[in-house]
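Student: model this:
(one chain, ligands or ions: 2)
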Amino acid sequence: MRREKGILIVLSGPSGVGKGTVRKELFSEPGTNYEYSISMTTRLPREGEVDGIDYFFKKKEDFEELIEQGRLLEYAAYVGNYYGTPIDYVNETLNSGRDVFLEIEVQGAALVREKAPNALFIFLAPPSLSELEQRLIGRGTETEDVINSRIQAARQELEMMHLYDYVVENDEVAKACGKINAIVAAEHCRRERVEKRYLAMLEGEV
Ligand SMILES: Nc1nc2c(ncn2[C@@H]2O[C@H](COP(=O)(O)OP(=O)(O)O)[C@@H](O)[C@H]2O)c(=O)[nH]1
Ligand SMILES: Nc1ncnc2c1ncn2[C@@H]1O[C@H](COP(=O)(O)OP(=O)(O)O)[C@@H](O)[C@H]1O
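Tutor: Numbering: from 1, shown residues only. Ligands and ions are numbered 1, 2, ... in the order given. So this is what the prediction gives:
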C-alpha cells in the first residue's frame, strides 16, 4: 500500500498556557514519532535559548526576505515580533511519512488551515485566565509590559478556540501529553481507515 504522508499537527494556545512545556515533554518521551518544526523569529533569545534548537533567530530584514521568497508556510506578527514556519522542512518531513509538530499562535494556525486543511488542529487551553496570568508571571521571562500585552492577546486567542479540532486543557502536563498522543493516534487510525476503504472501492470490494 502507498505510504501515507505524515500528519501536520498544529498546537496553539495563549502565551504562558504551557505549549513549550508540553511540547518538550512530548519530545522527551522515548519512541515519539513527531518531528518538531523549529520556527524562525525576530524576537531576541531568552537566557538559555539556543539558535537552531529553540528558534532560528533572525534579523527583521532577513525575516522579511524569507517572506518575499515564499520560504515560510505561514508567519505572523505577535506582540512586536515576527514568527514563522520554514516550509521546506515541513514538506520534506511530511513527504517522508513522518508527522510534523508545529507550535504556533492562532493567526499562523489560521493560515495553515487555508494552505493545509488536512492538518490536525489542537488548542491548548488554560484551566482559567487567572492561572494563565500566574504562569506567565511565574515564568519570569518577560517584563510587566510584555506580560500585559500577552494577556491582552490571550483573550483574543481564546476566542479562536472553537476553530480547532480539539481543545486540550493543560491542567497537568502529563495528562495533556497523554491526550495529545491519543488524539494523534486516533487521527492515524481514521486516515488509515479512509485510505483502505478508498483502495477497496477501487478494487470493487465496497
Ligand atoms: N505563527 C507562528 N507563531 C509561532 C511560531 N513559533 C512560535 N510561535 C508562537 O509565537 C508566540 C510567542 O512565542 P514566544 O515568544 O516564544 O513565547 P512563548 O510561546 O510564550 O514562550 C507563541 O504563541 C508561539 O507559539 C511560528 O513559526 N509561527
Ligand atoms: N500544567 C501546568 N501546571 C502548572 N504550571 C505549568 C503547566 N504547564 C506549564 N506550566 C508553567 O507555566 C509557565 C509557562 O509555560 P510555557 O511552556 O513557557 O508556556 P508557553 O510556551 O505556552 O508560553 C512555565 O513556567 C511552566 O513551567
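
Student: contact partners for P126?
Tutor: 13-14, 16-18, 132, 135, 169-170 (Cβ atoms under 8 Å, 6 or more residues apart in numbering). Where you see a C-beta, it was placed from the backbone N, CA and C, and this is true even at glycine.

Student: how many neighbours does whichever residue of the chain sits closest to ligand 2 have?
Tutor: In the chain, the residue found nearest to ligand 2 is G18; the distance is 2.8 Å by Cβ to the nearest ligand atom. Applying other Cβ atoms under 10 Å, we find 22 residues neighbouring G18.

Student: show me what from this protein comes close to ligand 2.
Tutor: 13, 15-21, 135, 138-139, 170-173 (Cβ under 6 Å from any ligand atom).

Student: circling back: quick one: the residue nearest to the residue of the chain closest to ligand 2 when sequence neighbours are not counted and L26, what's the gap?
Tutor: Closest residue in space to G18, ignoring its immediate chain neighbours: N170 at 4.3 Å, by Cβ to Cβ, 6 or more residues apart in numbering. Here the distance between N170 and L26 works out to 12 Å (Cβ to Cβ, to the nearest Å).

Student: and F56, by the same measure?
Tutor: From F56 to L26 the distance is 21 Å (Cβ to Cβ).

Student: these two: which is more packed in?
Tutor: Neighbour totals were compared for F56 and L26, and L26 leads with 22 against 16 (other Cβ under 10 Å).

Student: quick one on the thing from earlier: could I get the pLDDT score of the residue of the chain closest to ligand 2?
Tutor: We have a pLDDT of 96 for G18.

Student: touching, it and A176? I think so.
Tutor: Yes. Under the criterion of Cβ atoms under 8 Å, G18 makes contact with A176 at 7.3 Å.

Student: list residues touching both of these two?
Tutor: Common neighbours of G18 and A176 (Cβ under 8 Å, 6+ apart) are 124, 170.

Student: helices of the chain, start to end?
Tutor: Using DSSP state H, the helices assigned to the chain run over residues 19-28, 60-68, 87-95, 106-115, 129-139, 144-158, 173-202.

Student: export these to CSV and tack on distance to E74?
Tutor: Formatted as CSV, the helices of the chain follow (distance: least, Cβ to Cβ, whole Å):
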stretch, distance to E74
helix 19-28, 16
helix 60-68, 10
helix 87-95, 9
helix 106-115, 4
helix 129-139, 24
helix 144-158, 15
helix 173-202, 20
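
Student: of the ones you listed, which is nearest S39?
Tutor: Counting by Cβ to Cβ, S39 lies closest to helix 106-115 out of the helices of the chain; the figure is 8.9 Å.

Student: what sits up against that closest one?
Tutor: Contacts of helix 106-115 (Cβ under 8 Å, 6+ apart): 8, 10, 12, 73-76, 78, 83-85, 102, 104, 119, 121, 156-157, 160, 163-164.

Student: list only buried entries from these.
Tutor: 8, 10, 12, 73-76, 78, 83-85, 102, 104, 119, 121, 157, 160, 164 (16 or more other Cβ atoms under 10 Å).

Student: and the residue of the protein that's closest to ligand 1?
Tutor: G108 (2.2 Å).

Student: number of residues surrounding that residue?
Tutor: 23.

Student: tell me the contacts of the residue at minimal distance from the centre of the chain?
Tutor: With distances taken as Cα atoms, centre = their mean, E103 lies nearest the centre of the chain, 2.4 Å away. By Cβ under 8 Å, 6+ apart, the contact set of E103 is 11-12, 19-20, 23, 36, 39.
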